[in-house]
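In: What would the 3D arrangement of this be:
(2 chains)
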Number of protein chains: 2
Amino acid sequence: MSGSGADPPGFAGILETCVYYSRPKREEVERFYVETLGLSRVADWNDAFACRLPTGILLAFEREALDERPGPVAAHGSLGPGHVCLLAAEGAYEPWRRRLRDLGVEITQEASWPDHKRSFYFHDPAGNLLEIADQDIWPR
Amino acid sequence: MSGSGADPPGFAGILETCVYYSRPKREEVERFYVETLGLSRVADWNDAFACRLPTGILLAFEREALDERPGPVAAHGSLGPGHVCLLAAEGAYEPWRRRLRDLGVEITQEASWPDHKRSFYFHDPAGNLLEIADQDIWPR
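Out: Have a look, this model is predicted:
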């Protein structure tokens, strides 16, 4: 019997989320995630870096390096803006909005979601669309 | 005083992680995430769907719809393979490998990480590189 019809085994969560940047933007992008967003960098390579958040790892990869990476492990890299939404820590939504404004990061839109939940949008220096939400804005 | 020099406010985690697919792949991609990977779909649109995992939401967007989406909220969509790593539930790593093999999903590589941690790689029908890890394989 194949196990294909059985219930899927389940996941504990999403471990890695990726964004991509163009080579000349490397320093600017890394400064943005590490200094502006204050993420904790846990790994660093010529063509990528990784930051830890409480629920997983945000990886930023140089998209031009896609063809240079050996083997299937790193055979990825996309062109065009990706999207990641970060969940603000308790009470940190307004402070995030203030901090980004103070640092000159343009907030391109604010959105209202059911049950008075909110999020706002901005871009990283590579053009990826980032979002910070004050709560989990998705249905259970 | 601007708050820009102060400690960043902090995040609770990554709320949304995105992959992109090409329009003709929609049904196949959705079947893959919902049936093969057994993810729980919490939202569904013409050009996107969203699945909940224990730590956040995995969104799949049709990349051709990028130019058709109104406003900055959805102004994203990338070409080329993205990458997401999912963390297997406790004890579910081998069952996942078995299930995918049984369902004819090619496992393109297995990787060993420090401290006997493991992960394997495969592709979704849109060409995105997916990975399932048995543990958090990243430094603290």
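
In: measure stretch A:82-95 end to end?
Out: Start-to-end span of stretch A:82-95 (Cα to Cα, to the nearest Å) is 25 Å.

In: quick one: contacts of it?
Out: A:17-20, A:37, A:53, A:58, A:96, A:118-119, A:128-136, B:3, B:9-18, B:20, B:56-57, B:59, B:61, B:76, B:78, B:82 (Cβ atoms under 8 Å, 6 or more residues apart in numbering or on different chains). Where C-beta positions appear, they are placed from N, C-alpha and C, glycine not excepted.

In: The same query, at a cut-off of 6 Å, please.
Out: A:17, A:19, A:96, A:128-134, B:9-13, B:15-16, B:18, B:76, B:78 (Cβ atoms under 6 Å, 6 or more residues apart in numbering or on different chains).

In: and what of stretch A:20-36?
Out: Here stretch A:20-36 has contacts from A:39, A:41, A:49, A:51, A:60-64, A:77-78, A:103, A:124-126, using Cβ under 6 Å, 6+ apart.

In: Briefly note if the helix or strand hosting residue A:49 comes near chain B.
Out: Assigned by DSSP states H and E, residue A:49 belongs to strand A:48-53. Yes - counting by Cβ under 6 Å from any Cβ of the partner chain, chain B has neighbours in strand A:48-53: residue A:53.

In: where does chain A have its least confident helix or strand?
Out: None of the helices or strands of chain A scores lower by mean pLDDT, DSSP states H and E than strand A:109-113, at a mean of 92.

In: In its sheet, which strands sit next to that strand, and in what direction?
Out: Paired with strand A:109-113 in the same sheet, following DSSP bridges, are strand A:117-123 (antiparallel).

In: average pLDDT across the longest strand along chain A?
Out: Longest strand in chain A, counting residues (DSSP state E): strand A:11-21. Mean pLDDT, strand A:11-21: 95.

In: Can I get it as PDB, trimmed to CA atoms?
Out: In PDB, the C-alpha atoms belonging to strand A:11-21 read as follows (Å, rounded to 0.1, in the frame of the first residue of the first chain):
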ATOM      1  CA  PHE A  11       4.300  20.700   9.500                       C
ATOM      2  CA  ALA A  12       5.500  22.700  12.600                       C
ATOM      3  CA  GLY A  13       5.800  25.800  10.500                       C
ATOM      4  CA  ILE A  14       7.700  27.700   7.800                       C
ATOM      5  CA  LEU A  15      11.400  27.600   8.500                       C
ATOM      6  CA  GLU A  16      12.800  29.700   5.600                       C
ATOM      7  CA  THR A  17      11.300  32.600   3.700                       C
ATOM      8  CA  CYS A  18      13.400  34.200   0.900                       C
ATOM      9  CA  VAL A  19      13.700  37.500  -0.700                       C
ATOM     10  CA  TYR A  20      16.100  38.300  -3.600                       C
ATOM     11  CA  TYR A  21      18.200  41.300  -4.300                       C
END
